[in-house]
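In: please work out how this folds:
(chains A and B)
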Amino acid sequence: MIRIEKLKKVYRTEDVETTALNEVDITINQGEFVSIMGPSGCGKSTLLNILGLIDNPSGGAYHFLDHEVSKYSERQRSMLRKNNIGFIFQSFNLIDELTVFENVELPLIYTKVSSRDRKTRVEEVLERMNMMHRRNHFPQQLSGGQQQRVAVARAIVNNPKIILADEPTGNLDSANGNDVMKTLVHLNDEGATIIMVTHSQFCAEFGNRIIRMLDGQVVTENLLSKAARL
Amino acid sequence: MIYNILKIAYRNILKRKLFSAINVIGLAVAMGVSLLLLLTVFHQFSFDNFHKNGDRIYQVYNVTNHSSGIAKGATQASPLKEALESEMPELEHVMRWSSGPASIKYEGDIIESSIRFTDANFFEMFSFQLLEGTPNQVLANLNTVVLSEKTAAKVFGEENPIGKTITLNIAGKAYRMEVSGLVEDEPNNSSLHYNMITRFENHPDYQDNKDNFDNQFLGMFVQLPPTLSQQEAEEKLKGVVHKYRNDEIEQLQKDGAQPDVEGEVYSLKLLPLNDLHFDTEITGNGISIALPMGLLIIAFFILVIVCINFINLTIGTALTRAREVGVRKVLGATKRQLISQFFGEVSLLIFVALFLGLILAQFGLADYNQLFRQKISLYNPTLIFAIGSILVFVGLIGGSYPALVLSRFQPASVLKGSTSVQKPGKLRNILVLLQFTLSVFLIICTMIVWNQIDYLRSKPLGYSKEDVISIPIGNELDSYQVLQRMRNELAANPNVKSITGSYGNLGMGKDGSRTTSIMGFSQGDRLLRTHWAVVDYDYFETLNIPLVEGRSFSPEFPTDSSESIIINETFARQLGEDSPIGTVLDLGPDRKVIGVVKDYHFLPLDKAMEPLSLVLAKPIDDFRLGYIFVSVSNRTAMSNLEETWKKLYPETIFQATFLDENNQRQYQVEESIAKLFTTSGLLAIILSCMGLFGVVVLVTSQRTKEIGIRKVLGASVPSIVGLISKEFILLVAIAIVIAAPMGWWLMKQWLQSYAYSIDFPWWSIPLAGIMAILIAVVTLGIQSVRAALTNPIDALRDE
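Out: This next block holds a predicted model:
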């Protein structure tokens, strides 16, 4: 599903050049739940952004659903992104001016789903996330856990093939964090491919593979048994 | 999608109340004001464009290359009509046009009015709508008159005027005329005005001058056939001039006139009807094109300033919306969708502002119309153009740019919380600089215009203006008898010092009239020109105009009224005699100079001093006295005069004014310009400050963390205020440096259009600068002090 070869990302300022990713090779198959771990600045978020087609690599190849996308234009990436990828962020990134319902509805608007279908699908997914009773609230009126549940709902409402989560529990207490992780596992069980960046070993172990990074390179990859996840 | 855009727009507007208010209020005021200004501009440029054949109608004017310079004039002699018709038969129409006062008598009522003298083809040439009568018939007979709707209503009320006979008193003679037509009042964008129209042959000077090329007293219009260009027609006019005006040409050549590039010393030219309204040189009746252009520039300035606020605030607040843009992009929004989103928000603001602007314009319309003495209304087809132009301008400049900038954000970097989203500091600074440059420029202009007006109003004119009252006599009364009766009645009044009469007024009276009359004559081998005034005894005494040499008119010299003349110093210098007293001037009948008066400003101060001749009025002349001047010892004497007048002539209106009021009335255009500059300058500075305030709020919110850290490290409040304000104060200072030479150059040009003007007041530049800096400091101070006083931990807690 995803194959990257010798992927590089270099940030340049006037006189400093920082290599965020240094010839990274990773393959992720459909249905996997991959956790990416590493200390701050190791390049894991950069990798996630490139995998999620919201950033461009500086070199190497990126095959996404059999397309070589490393040289895609913003427009082409946007097309692939909105139809195939769902995002979950540490800071939720809900739009403050929109209600819960409207936030979840947004991806469907951009993929031009009819308004009637949108309503059905948003309600369905809010029901599933147990957020239906809060559908007309604004993000500021919700707890952190609730906000992240809305963010998850937004990520999955388009039935994406792959869900990218960047520290999804980073801003949550342990109970809410646990809830979110269980939801992700559940989605993975239903067939979604999940790639998650995390600092937490506990969260990482919900996945079936852990990739550890250091200084822009993959240092180890561990496969986890199914039993360890639950 | 549109619903979604509008919904978000609405919530965003409510969320950012301060910025939305600055944007909406600023835009609304700017739109309202520029709407009014643009309507005036469109109105001014629409003058005389409603005539079907307007593009082929021209006014004939003459260009004379005197040895002293080129003179252009629109007055022509009556027989030129016949000359043009016989020499240029291809002309579709030749028409004379002149005016005079006339009173209408109908069933015992007398109404003072004015009458136009023209030819029978008037209504065929010009597209004024006849409500009764046909264009080619309505002036077919000599003893007929066409009334305007307004005049007909005054005389006849509801009655149908057609076929009725009225008695017109024109220059002291009674004419019985039949009303043959009714014409719609002229549109307010017409240069030609009328109350009554009759045949030219009824003009009081027609009989004596019908074959006289030397007496030029009328306007002449021609209509060219479609096949004849203006240039070709002017070429043919040369032949007419050489055939009929050869004596004039020879005289000019003898006086040393220099031929122009075409070798002519005297020529007839054509002024297109559509240029008539902006002609200040030839007919002198038009307004300067600089006025509508100035209004256009001011509208442009105001819109630019408010668009700059819009751009600065929208882009500024957009920085706080970077995350939203990032999220939307991640969720699949295309650039186009984002542009539509932001453009939608901007459009909503613009439309709300436009609506408020229209309401403001409607409220301000009455005062605005009064300022320009015009009657424009918002319900007029040009409104759509005006709104269209404003929307396109504001939408394109204020709306597109922020939309483009916002949609360009890179999602990965904004979501990371990276500050790599460029803060538009440089652009913002340039825009603030531009705003303040325009504002300072307008402040400088305002100060200079007011100074010049003050100078014009207060400059001594060489005659008493504070304690002399001018009373218009009207057309119906016997003017000499009126003067005599007033003299008798007021003789015993201690408040009245002296009384005289005159053909023309000084300054501009309540009736809006200003009179000058110019006469040209040959003196020896020279052609001289002089202004001409007909006055009664005690003229100089009443107006307190000193005699430099000789004596005043006196009843002790019975020949004064027919043989004597008094001239001003300028004319005396032109005559070039050591002492002009006793010089005989060849004015038809010879007149001997008996006195020289000190120069006084009988013309408005935009004109230089010119030669003036004064002769004594005599009742047997055609010249009537138009005004009585009364010198009084205090201003309360006005009521005495009114009582006396009403006692003597209860049926007429008393329209007396002090001469200083007449003088001020002459500068109404200048006063309008000054008021306009003041208002727009004020508006510009208020709008700029609103924008500056918004920008500083943004800057301080963006620099909250920096301010917090500095305070933790020990920065004082003043140093923080300085930190925030320094950059903007510098911008205002640069603005002053740029605006000063602009203001200096433009106002220098303007002052040069006056024969008498102030020296450029250099203090106006530093004063404008200090004002701008002070206003900016206050604006900046409010927000920067607030930012500096914030508890540092409040600023850092966010992090």
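In: just to be sure, residue A:94 is in a helix?
Out: No - assessed with DSSP: H, G, I helix; E, B strand; the rest coil, residue A:94 is coil; it does not lie in a helix.
In: surely it meets residue A:102?
Out: No - Residue A:94 is beyond contact range of residue A:102, at 9.8 Å (criterion: C-beta atoms under 8 Å). Yep, even glycine has a C-beta here, placed from its N, CA and C like the rest.
In: compare these two (neighbour count), which wins?
Out: Neighbours were counted for residue A:94 and for residue A:102 using other C-beta atoms under 10 Å in any protein chain shown; residue A:94 has more, 26 against 20.
In: was I right to think residue B:390 contacts residue B:36?
Out: No - Residue B:390 lies out of contact with residue B:36 (C-beta under 8 Å); the separation is 11.2 Å.
In: which of these two has more neighbours?
Out: Higher neighbour count among residue B:390 and residue B:36: residue B:36, with 26 against 23, using other C-beta under 10 Å.
In: now do the contacts for residue A:116.
Out: Under the criterion of C-beta atoms under 8 Å, 6 or more residues apart in numbering or on different chains, residue A:116 has no neighbours.
In: can you tell me the SS state at it?
Out: Strictly by three-state DSSP, residue A:116 counts as helix.
In: could you break chain B into its assigned domains?
Out: B:1-62+B:278-422, B:63-277, B:423-459+B:667-799, B:468-634 (automatic domain parsing).
In: residue B:219 in helix, strand or coil?
Out: Three-state assignment for residue B:219 (three-state DSSP): strand.
In: from residue B:228, how far out is it?
Out: 21 Å (C-beta to C-beta, to the nearest Å).
In: so for the two, which sits in the more crowded spot?
Out: Neighbour totals were compared for residue B:219 and residue B:228, and residue B:219 leads with 21 against 16 (other C-beta under 10 Å).
In: go ahead and confirm that one touches residue B:81.
Out: No - Residue B:219 is beyond contact range of residue B:81, at 11.3 Å (criterion: C-beta under 8 Å).
In: overlap in contacts of residue B:390 and residue B:36?
Out: The overlap between the contact sets of residue B:390 and residue B:36 (C-beta under 8 Å, 6+ apart) is empty.
In: who in chain A is up against chain B?
Out: A:45, A:49, A:52, A:54-55, A:74-75, A:78, A:81-83, A:87, A:89, A:93-98, A:102, A:106-107, A:109-111, A:154 (C-beta under 8 Å from any C-beta of the partner chain).
In: show me the shaky parts of chain A.
Out: Chain A contains residues with pLDDT under 70 at A:226-230.
In: so which residue is dead centre in it?
Out: residue A:164 (1.5 Å; C-alpha atoms, centre = their mean).
In: quick one: contacts of the helix or strand harbouring that residue?
Out: With elements taken from DSSP states H and E, the one containing residue A:164 is strand A:162-166. The contact list for strand A:162-166 (C-beta under 8 Å, 6+ apart) reads A:1-2, A:45, A:48, A:51-52, A:84-90, A:155-156, A:184, A:187, A:192-197.
In: go on, stretch B:185-197?
Out: Residues from elsewhere that reach stretch B:185-197 (C-beta under 8 Å, 6+ apart): B:43, B:46-50, B:97, B:102, B:104, B:113-116, B:118, B:122, B:126, B:128, B:139, B:145-151, B:168, B:183, B:273, B:276-277, B:285-286, B:374-376.
In: which residue packs closest to residue A:196, ignoring adjacent ones?
Out: residue A:165 (4.2 Å; C-beta to C-beta, 6 or more residues apart in numbering or on different chains).
In: SS state for the residue of chain A found nearest chain B?
Out: Proximity of chain A to chain B (C-beta to the nearest C-beta) peaks at residue A:82, 2.4 Å away. Counting by three-state DSSP, the backbone at residue A:82 sits in helix.
In: separation between the closest residue in space to it that isn't next to it in sequence and residue B:477?
Out: Nearest residue to residue A:82 in three dimensions, chain neighbours excluded: residue B:332, at 2.4 Å (C-beta to C-beta, 6+ apart). Residue B:332 is 88 Å from residue B:477, where distance means C-beta to C-beta.
In: who's more crowded, those two?
Out: residue B:332 (23 against 18).
In: just checking, the more buried one touches residue A:77?
Out: No - look at residue B:332 against residue A:77 with C-beta under 8 Å: they stay out of range, at 10.1 Å.
In: rewinding a little: got any residues that touch both of residue B:219 and residue B:81?
Out: With C-beta under 8 Å, 6+ apart, residue B:219 and residue B:81 have common neighbours residue B:96.
In: for residue 97, grab the count of nearby residues.
Out: Looking at chain A here, since you left the chain open. Other residues close to residue A:97 by other C-beta under 10 Å number 19.
In: oops, wrong one, chain B.
Out: 21.
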